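> The sequence and its predicted three-dimensional model are supplied below.
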Amino acid sequence: MFFSVIIPVYNRPQEVDELLVSLCRQTYTQFETLIIEDGSENTCKKIVENYRSKLDISYYYKENSGQGFSRNFGFERAKGDYFVVFDSDCLIPPHYFETVNRYLAQHPVDAFGGPDRAHSSFSAVQKAISYAMTSPLTTGGIRGNKRHAGTFHPRSFNMGISRKVYEKTGGYRITRMGEDIEFSIRIIEASFSTALIEDAFVYHKRRTNLVQFFKQLHFFGRARINISRFYPDEIKWVHLLPALFSIGLLIFISLPLWNIRLFNLLLIPFFIFCALIFLHSMFVNKKISIALLSIITSFIQLTAYGIGFLQEWWTKLWE
């Protein structure tokens with residue numbers, strides 16, 4: 001099995017360097033790497049040159065068009081049996097392609113995805129962000145795993161498609177605002193099979209500070225509504241939870257102004273929820289500082305997504 005790795009990048013040369021280091025350590029080496037520079041000012045061309053002797057690697061520079069169309073640009077030039085898409089802020093464990101190759105040999109599927117984890121080298125904030133995006137106590141727990149409502153939908157931070165999938169679907173139809181969700185829906189509607197390969201995980205850095213994380217999740221919330229413009233039935237009950245949480249939190253914060261008794265009563269479930277996050281994160285991360293930060297990142301994850309969801313829903317309502 002030969003794989004083509006497609007990596008769109010925009011002004012992130014250092015991340016690409018770290019990602020390429022991890023690709024050099026793969027135990028299964030039947031793959032090529034295509035770096036698609038999406039109109040960056042701070043390019044990674046010189047960094048890519050350092051890996052010419054270590055990887056089967058190609059570098060392309062194109063005008064900015066967003067990550068979806070940049071992946072299509074890579075698909076058009078890929079030689080592999082499967083096209084594997086990573087975000088530029090991922091690190092790939094050495095066993096990744098060996099694991100995928102073994103799985104596909106035993107269970108041939110048309111498209112696959114894998115989960116993400118926090119690497120030991122990540123900062124406390126990055127580990128807390130990773131916790132918020134993967135915890136069963138937040139809706140982030142459904143992202144990139146089997147807890148998706150219904151058939152598993154691969155996500156573009158860690159996914160692969162067969163050449164046949166690309167040839168039939170034409171790749172990404174939109175370039176931003178939920179482009180991977182829309183693509184996964186079309187893959188499934190075209191009767192292609194999908195699977196989660198649980199051991200094919202990546203270390204996903206995501207954002208490095210809380211402000212960036214808020215902006216990213218706000219965008220994710222907007223993207224979910226954007227998908228409903230194409231597929232109205234794709235808004236599930238689970239997608240409403242962050243919006244309901246955000247509205248409930250706003251009401252809770254305002255309660256002291258008009259009903260202090262109810263506020264005091266609701267403090268109990270509020271602190272129970274915070275305690276559950278703290279204890280679960282302590283179990284996962286084994287550090288008090290990360291557990292405390294996990295409370296903050298979990299609230300950001302829910303409220304930022306919820307606000308973005310409500311904002312885009314309001315915009316759509318008046319279109």
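It's in. The model shown is predicted, which means the values in this text are computed figures rather than measured ones.
> From now on I want contacts and neighbour counts done on CA atoms only, so please keep to that.
Noted.
> helix or strand for residue 136, which one?
If you go by DSSP states H and E, residue 136 is not part of any helix or strand.
> and it, how many neighbours?
Residues within reach of residue 136, counting by other Cα atoms under 10 Å, total 14.
> now swap in residue 270 and tell me
12.
> Wasn't it part of a helix?
Yes - according to DSSP: H, G, I helix; E, B strand; the rest coil, residue 270 belongs to a helix.
> Domain parsing of the protein, as residue ranges.
3-123+141-207, 213-317 (automatic domain parsing).
> which of those sits most buried?
domain 3-123+141-207 (a mean of 19; mean count of other Cα atoms under 10 Å).
> For residue 210, give its distance to residue 297.
Going from residue 210 to residue 297 by Cα to Cα, to the nearest Å gives 7 Å.
> Residue 200 now?
Per Cα to Cα, residue 200 is found 25 Å from residue 297.
> try residue 282
Residue 282 is 14 Å from residue 297, by Cα to Cα.
> picking that back up, of all the domains of the chain, which one is nearest residue 131?
Nearest to residue 131 among those is domain 213-317 (6.6 Å), distances taken as Cα to Cα.
> Regarding the closest one, how distant is the last residue from the first?
Length of domain 213-317, first residue to last, Cα to Cα: 27 Å.
> Show me how far it is from its chain's centre.
Offset of domain 213-317 from its chain centre (Cα atoms, centre = their mean, to the nearest Å): 18 Å.
> just stretch 102-115 next, same as before
Centre-to-centre, stretch 102-115 and its host chain are 19 Å apart (Cα atoms, centre = their mean).
> do stretch 206-214 as well
Using Cα atoms, centre = their mean, the offset of stretch 206-214 from its chain centre is 13 Å.
> Need the per-residue pLDDT for the residue nearest to residue 28 when sequence neighbours are not counted.
Excluding the flanking residues, the one nearest residue 28 by Cα to Cα, 6 or more residues apart in numbering is residue 98, at 5.0 Å. Here the pLDDT value assigned to residue 98 is 98.
> now swap in the one 5 residues further on and tell me
At residue 103, the pLDDT value in this model is 97.
> I'd like to check which residues are in contact with it.
By Cα atoms under 8 Å, 6 or more residues apart in numbering, the residues touching residue 103 are residue 197.
> How much space separates it from residue 249?
From residue 103 over to residue 249 (counting by Cα to Cα), the distance is 44 Å.
> got it, and residue 83?
With distances taken as Cα to Cα, residue 83 is found 42 Å from residue 249.
> what does the helix or strand that contains residue 186 contact?
Following DSSP H and E, the helix or strand that holds residue 186 is helix 179-189. Residues outside helix 179-189 that contact it (Cα under 8 Å, 6+ apart): 68, 111, 153-156, 165, 169, 171-174, 194, 227, 230.
> hmm, 6 Å instead?
Applying Cα atoms under 6 Å, 6 or more residues apart in numbering, the external contacts of helix 179-189 come out as 153, 155-156, 172.
> now that helix, how far from the centre of its chain.
Mean C-alpha position of helix 179-189 versus that of the full chain (Cα atoms, centre = their mean) differs by 14 Å.
> Report the mean per-residue pLDDT for the helix or strand that that helix is followed by.
As assigned by DSSP H and E, the chain's next helix or strand after helix 179-189 is strand 194-196. For strand 194-196, the mean per-residue pLDDT is 93.
> List the strands paired with strand 194-196, with their directions.
The pairing partners recorded for strand 194-196 under DSSP bridges are strand 111-113 (parallel).
> Contacts for the strand it pairs with next, please.
Contacts for strand 111-113 (Cα under 6 Å, 6+ apart): 154, 158-161, 194-196.
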